[in-house]
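A.B. asks: let me see the structure of the following:
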Amino acid sequence: MPMRRNRPLKTIAIASGKGGVGKTNVAVNLAVSLARMGRRVMLFDADLGLANADLLLGLRPTRSLHDLVTGAVDTLEEILIEGPHGLLLVPSASGISSMANLSPAEHAGLIRAFSTYNQPLDVLIVDTAAGLQESVTSFCVAVQNVSVVICDEPASLTDAYALIKVLHQDHGLRRFRVIGNMLRTPEAGRRLMQKLSSVCMQYLPDVILEASGMIPMDEDLRRAVQRREPVVSLYPGSLSGRALIELARQADRWTVAENDTGGIGFFVERMLQSA
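C.D. replies: Model prediction:
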């Protein structure tokens, strides 16, 4: 087997202004697709309180981020669970409200756990919570690529704009990738992108939006979710499967700044700066 060259860690946040837009499904399928391509991928379920990435992967973690934060375990390796194609999942805790409001000491412990992880990785995907809470903005500021998931609902566009506005005006982010999800037609995706671009051009002229993916809704996607398997694994030839695989190919080409470090330390350093 040829030796892989060391590459800087690529960090991607999958975010959304509101729930119900299929954000976690995008994150899971993107992670699995990149792992299928031979990338060493970690998926961090950062929805601290309403985690469900493990469900969509058909996994049953015995420990979670909650154990790490409370001190029940000491290292990130103790809670990692392996998914399809060697994907590593950092499972969060579902239904534990305290996880959504970490104390400064708990937040620092979380950062320490990531900073001591020294296994080789190519991609870290952070599936944030929906909305504008502090943990979301902290994770978005810490990564190199912020992808905002929208769907064909007025509230989705309004809340996506609000998220972009906060990240731009309060945290200085300028470039956002936009992923249209659960689309009935390609035209619906183009209209969504035009509407969001038009509003941003008018009120946030320094913001740069890039259409990075248009994911259709089809019956295969629904069936995959019901069976708790990624659609890219179960139905890779479906319309949604092909679109998500193409999204992964694009993400694999996203550039990493020359001054980014080769490990998870860059992500941790940026989290410290934004905490």
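
A.B. asks: okay, CA-based contacts and neighbour counts for the rest of this
C.D. replies: Will do.

A.B. asks: name the helices or strands packed onto the longest helix along the chain?
C.D. replies: Longest helix in the chain by number of residues, with DSSP state H as the criterion: helix 186-203. Counting contacts by 3 or more CA pairs under 8 Å, 6 or more residues apart in numbering; DSSP states H and E, helix 186-203 packs against helix 154-169, strand 175-183, strand 208-216.

A.B. asks: give me phi/psi at the residue nearest to residue 206 when sequence neighbours are not counted?
C.D. replies: Excluding the flanking residues, the one nearest residue 206 by CA to CA, 6 or more residues apart in numbering is residue 174, at 6.5 Å. Main-chain dihedrals, residue 174, degrees, to the nearest 10: phi -120, psi -30.

A.B. asks: just confirm residue 174 contacts residue 208, I think it does.
C.D. replies: Yes: the pair residue 174 / residue 208 is scored as a contact, 5.9 Å apart, by CA atoms under 8 Å.

A.B. asks: please state the offset of stretch 128-141 from the chain centre?
C.D. replies: Centroid separation between stretch 128-141 and its chain, computed with CA atoms, centre = their mean, to the nearest Å, is 11 Å.

A.B. asks: mind listing what's buried in that stretch?
C.D. replies: Neighbour-count burial for stretch 128-141 flags 128, 129, 130, 131, 132, 135, 136, 137, 138, 139, 140, 141 (criterion: 16 or more other CA atoms under 10 Å).

A.B. asks: which one of these sits closest to residue 46?
C.D. replies: Proximity of those to residue 46 (CA to CA) peaks at residue 128, which lies at 4.8 Å.

A.B. asks: which parts of this structure are helices?
C.D. replies: Ranges of helices within the chain are 23-36, 53-56, 65-70, 104-115, 134-142, 154-169, 186-203, 219-226, 231-234, 239-253, 265-274, based on DSSP H.

A.B. asks: returning to that earlier point: which residues touch the longest helix of the chain?
C.D. replies: 151, 152, 157, 161, 178, 180, 183, 207, 209, 211, 214, 216 (CA atoms under 8 Å, 6 or more residues apart in numbering).

A.B. asks: next, format these as a markdown table and append distance to residue 239.
C.D. replies: Formatted as a markdown table, those follow (distance: CA to CA, whole Å):
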| residue | distance to residue 239 |
| --- | --- |
| 151 | 16 |
| 152 | 17 |
| 157 | 23 |
| 161 | 27 |
| 178 | 19 |
| 180 | 14 |
| 183 | 11 |
| 207 | 31 |
| 209 | 24 |
| 211 | 18 |
| 214 | 10 |
| 216 | 7 |
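
A.B. asks: which one among the residues you listed sits at the bottom for pLDDT?
C.D. replies: In terms of pLDDT, residue 152 ranks lowest among the contacts of helix 186-203, with 92.

A.B. asks: residue 217 versus that residue, what's the distance?
C.D. replies: Taking CA to CA, to the nearest Å as the measure, residue 152 falls 11 Å from residue 217.

A.B. asks: overlap in contacts of those two?
C.D. replies: With CA under 8 Å, 6+ apart, residue 152 and residue 217 have common neighbours 181, 182, 183.

A.B. asks: residue ranges in this protein under the pLDDT threshold?
C.D. replies: Filtered on pLDDT under 70, the chain yields the residue ranges 1-7, 49, 94-101, 257-266, 268-275.

A.B. asks: try 90
C.D. replies: For the chain, the stretches with pLDDT under 90 are 1-9, 46-52, 64-75, 92-120, 129-139, 141-142, 255-275.

A.B. asks: deepest of the helices of the chain, which one?
C.D. replies: Compared across the helices of the chain, helix 23-36 shows the largest average neighbour count, a mean of 25 (mean count of other CA atoms under 10 Å).
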